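Asks: no FASTA, just this:
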């Protein structure tokens, strides 16, 4: 039942008495309230359950975890464009180990009523784990994460993370996507063992408290298309190996403490998004003339002193060089006043040559 405006009370409870059902998908049901608390335990053959943008009148029931044939559970909260009259909450307990066949788990925009149990990470068939909470539930990585040798995608967002990122995470060599974002304790440095993730396509470690910089080994992962380290407290200079990442499409390094010249990126002709605002980069602005698909280019609040931007880049992309040390007349392309605002603000100030205090 996808994208249908259900009337007459929404999803009938009788649906959950059809004991031969193996797959139930309910998306965008017209925001008609319904309950699954009582009848769902009857679906003993259910293998796949998806509830997206629906109005549950009560919490997702513990009985869900007794359906041992489940391989896929997707529960997404209400669309950001609508307001819910009901909260969607879910409890993950130690009994989740009953779901030994579970391969795909997504819990998005929900309230977890308790912490994420370490037992979740003993389900060795898992290939995808996506948990995005609304209440910053507490979480620390258990040692058992090393057992998820089939894991392809891991996303943990809006969590209160403690204890750091374990080195075992970087031993999961099938990973293609990592996103970890939330309230972090200090997570130490990004280990060189990230080089073992040779299948990695996307990495996002935003809003962490890291020490040091990005290891050059990360930039040797040739399949990466997206790198996001937003407000991650990273520092140092960027490795020259960045210039060889020809598959890269999205690079977001805002609000860090990077300094020194920005590497030559003219070979990155697939890049569509480049945001390095609020750092301490200096010297010549990145050359973007070869980036025919560039749509967003943000250099605000750095120490760039020279370089040009071609007219074709300004015509195709949203560009800002505000708050640097650039001569507006030398940038060449016609930027509007807001994009050039205070583009000379750091003139006369020495760019940092080490980690800023």
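Replies: Perfect, I can see it now. Values in this document were obtained by computation on a predicted structure and should not be read as measured data.
Asks: doesn't residue 252 make contact with residue 228?
Replies: Yes: using C-beta atoms under 8 Å, residue 228 makes contact with residue 252 at a distance of 4.4 Å. Backbone N, C-alpha and C define where each C-beta goes, glycine included.
Asks: Ranking helices and strands of the chain by mean pLDDT, which lands last?
Replies: In the chain, no helix or strand scores lower on mean pLDDT, DSSP states H and E than helix 337-340, which sits at a mean of 59.
Asks: Name the residues that touch the longest strand seen in the chain?
Replies: Within the chain, and with DSSP state E defining each element, the longest strand by residue count is strand 128-140. For strand 128-140, contacts defined as C-beta atoms under 8 Å, 6 or more residues apart in numbering pick out 77, 103-112, 114-116, 120, 148, 151-163, 182-183.
Asks: That one - what's its average pLDDT?
Replies: Strand 128-140 shows an average pLDDT of 82 in the prediction.
Asks: With stretch 19-32 instead?
Replies: Mean pLDDT, computed over stretch 19-32, is 79.
Asks: my guess is residue 149 meets residue 124, correct?
Replies: Yes: assessed by C-beta under 8 Å, residue 149 is found in contact with residue 124 at 6.9 Å.
Asks: More neighbours: the two, which one.
Replies: More crowded of residue 149 and residue 124, by other C-beta atoms under 10 Å: residue 124, with 14 against 11.
Asks: Leaving aside the residues adjacent along the chain, what's closest to that one?
Replies: Excluding the flanking residues, the one nearest residue 124 by C-beta to C-beta, 6 or more residues apart in numbering is residue 147, at 5.5 Å.
Asks: Just the buried subset of the contacts of strand 128-140, please.
Replies: Buried residues within the contacts of strand 128-140, defined by neighbour count using 16 or more other C-beta atoms under 10 Å: 77, 103-112, 116, 120, 148, 151-161, 182.
Asks: quick one: residue 171 from residue 124, how far?
Replies: Spatial separation of residue 171 from residue 124 under the definition C-beta to C-beta, to the nearest Å is 14 Å.
Asks: er, residue 244 I mean
Replies: Residue 244 sits at a distance of 36 Å from residue 124 (criterion: C-beta to C-beta).
Asks: which other residues reach stretch 160-174?
Replies: Under the contact criterion C-beta under 8 Å, 6+ apart, stretch 160-174 has outside partners 127, 136-141, 143, 145-146, 148-152, 154, 178, 180, 182-188, 191, 193-194, 196-199, 205.
Asks: ok, residue 243 - contacts?
Replies: Contacts were defined as C-beta under 8 Å, 6+ apart; by that measure residue 243 touches 263, 264, 265, 266, 267, 268.
Asks: Return the closest of those with respect to residue 311.
Replies: Comparing the contacts of residue 243 against residue 311 with C-beta to C-beta picks out residue 266 as the nearest, at 17.0 Å.
Asks: okay, the closest one: pLDDT?
Replies: The predicted local confidence for residue 266 comes out at a pLDDT of 90.
Asks: My read is that it contacts residue 290, right?
Replies: Yes: in this structure, residue 266 is within contact of residue 290 by C-beta under 8 Å, at 5.1 Å.
Asks: so where does the residue nearest to residue 123 when sequence neighbours are not counted fall, helix or strand?
Replies: Beyond its immediate neighbours in the sequence, the residue positioned closest to residue 123 (C-beta to C-beta, 6+ apart) is residue 102, lying 5.3 Å away. Secondary structure assignment for residue 102, by DSSP states H and E: no helix or strand.
Asks: middle-most residue in this protein, spatially?
Replies: With distances taken as C-alpha atoms, centre = their mean, the residue of the chain nearest its centroid is residue 179 (4.0 Å).
Asks: beta partners for that residue?
Replies: Bridge pairing for residue 179 (DSSP bridges) gives the partners residue 155, residue 204.
Asks: Would you check how far apart it and residue 121 are?
Replies: Here residue 179 is placed at a distance of 17 Å from residue 121 (C-beta to C-beta).
Asks: ditto for residue 49
Replies: From residue 49 over to residue 121 the distance is 21 Å, taken as C-beta to C-beta.
Asks: helix or strand right after the biggest helix by length in the chain?
Replies: When the chain is scanned for its longest helix (criterion: DSSP state H), the result is helix 311-316. Downstream of helix 311-316, the next assigned helix or strand under DSSP H and E is strand 318-320.
Asks: Now the terminal residues of stretch 160-167, how far apart.
Replies: 19 Å (C-alpha to C-alpha, to the nearest Å).
Asks: remind me which residues of the stretch 101-250 of the chain are low pLDDT?
Replies: Screening the stretch 101-250 of the chain residue by residue with the criterion pLDDT under 70, one finds the ranges 111-114, 135, 183-186.
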